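> One predicted model, sequence on top.
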Amino acid sequence: MAISVNCATKVVTVPQADLTYVSAGLYELSVENLRLWLKDWEDSEVGMAMPDTHRRNAPVTLSGTTYAQTLEIINGYTITLEPTATPWTARVVGGNHNVADVKTVNHVSLLIGNSAGLIVGGGGGGASAAEVWAYSSRTLTGNVPANIKQVNDVTITGTGVAGSDPWRPA
């Protein structure tokens, strides 16, 4: 573990060398590794005197589906992915997290990789359409492809014009 924490500024610096090399300019940061590195620092003589760096929710299985862990950086800590002479990208894997919210802006790009299940909010406990769209618009880039000539693998033969069987056979 070579991460460092500046106690005065609450900046957690993660060196590129600690990440998993994927391909030229792309590295993976495991949520679990980050959590363990932070926990090791919190258990150190210096770290014990400081506020916690993170909050974690372990993976949970509900009705046969296992939902990923979550890692939240808290108490004003920020994450700096150590810049190098060449710009690079870190892909965060293995759980949902708020790293993008607390990352220091520099020449290192970040691929978030969070997966939203049920989003809390809206009237009935789920998210409203506006909340889902607001979340999706932050994660989607470009258009979502749709084949309007087929619905449920059935070819649409109607014309879409009123009075001429517009929607047959959908």
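Okay, I see it. As the structure is a prediction and not an experimental result, all values here were calculated from the model. Residues are numbered from 1 along each chain as shown.
> What's the separation between residue 44 and residue 103?
Between residue 44 and residue 103 the distance, using C-beta to C-beta, to the nearest Å, works out to 23 Å. For every residue, glycine as well, the C-beta is placed using N, CA and C.
> the more surrounded of these two?
When residue 44 is set against residue 103 and neighbours are counted by other C-beta atoms under 10 Å, the residue ahead is residue 103, at 20 against 11.
> Skip the chain neighbours and tell me the closest residue to that one.
If you skip the residues right next to it in sequence, residue 103 has residue 79 as its closest partner in space, 5.1 Å away by C-beta to C-beta, 6 or more residues apart in numbering.
> Spell out, range by range, the strands that occur in the chain.
Listed in chain order, the strands of the chain (DSSP state E) span 4-6, 11-14, 20-23, 26-30, 54-57, 60-62, 65-67, 70-73, 78-81, 88-93, 96-97, 108-111, 150-151, 154-155.
> Name the strands paired with the fifth one and say parallel or antiparallel.
Listed by DSSP bridges, the sheet partners of strand 54-57 and their directions read strand 70-73 (antiparallel).
> What are the buried residues along the strand it pairs with?
Of the residues in strand 70-73, 70, 71, 73 count as buried by neighbour count, 16 or more other C-beta atoms under 10 Å.
> go on, stretch 7-27?
10, 12, 14, 16, 18, 19, 27.
> I'd like to know how many residues surround the residue nearest to residue 9 when sequence neighbours are not counted.
Nearest residue to residue 9, sequence neighbours excluded (C-beta to C-beta, 6+ apart): residue 78, at 8.0 Å. Other residues near residue 78 come to 17 when the count uses other C-beta under 10 Å.
> Look up the residues forming beta bridges with residue 78.
On DSSP bridges, the residues paired with residue 78 through beta bridges are residue 11.
> thought it was touching residue 11?
Yes - in this structure residue 78 lies within contact range of residue 11 using C-beta atoms under 8 Å: 5.4 Å.
> Show me whatever sits in contact with both of the two.
Each of residue 104 lies in contact with both residue 78 and residue 11 under the rule C-beta atoms under 8 Å, 6 or more residues apart in numbering.
> Lowest-scoring secondary structure element of the chain by mean pLDDT?
Taking mean pLDDT, DSSP states H and E as the measure, strand 150-151 is the helix or strand of the chain with the lowest mean score, a mean of 56.
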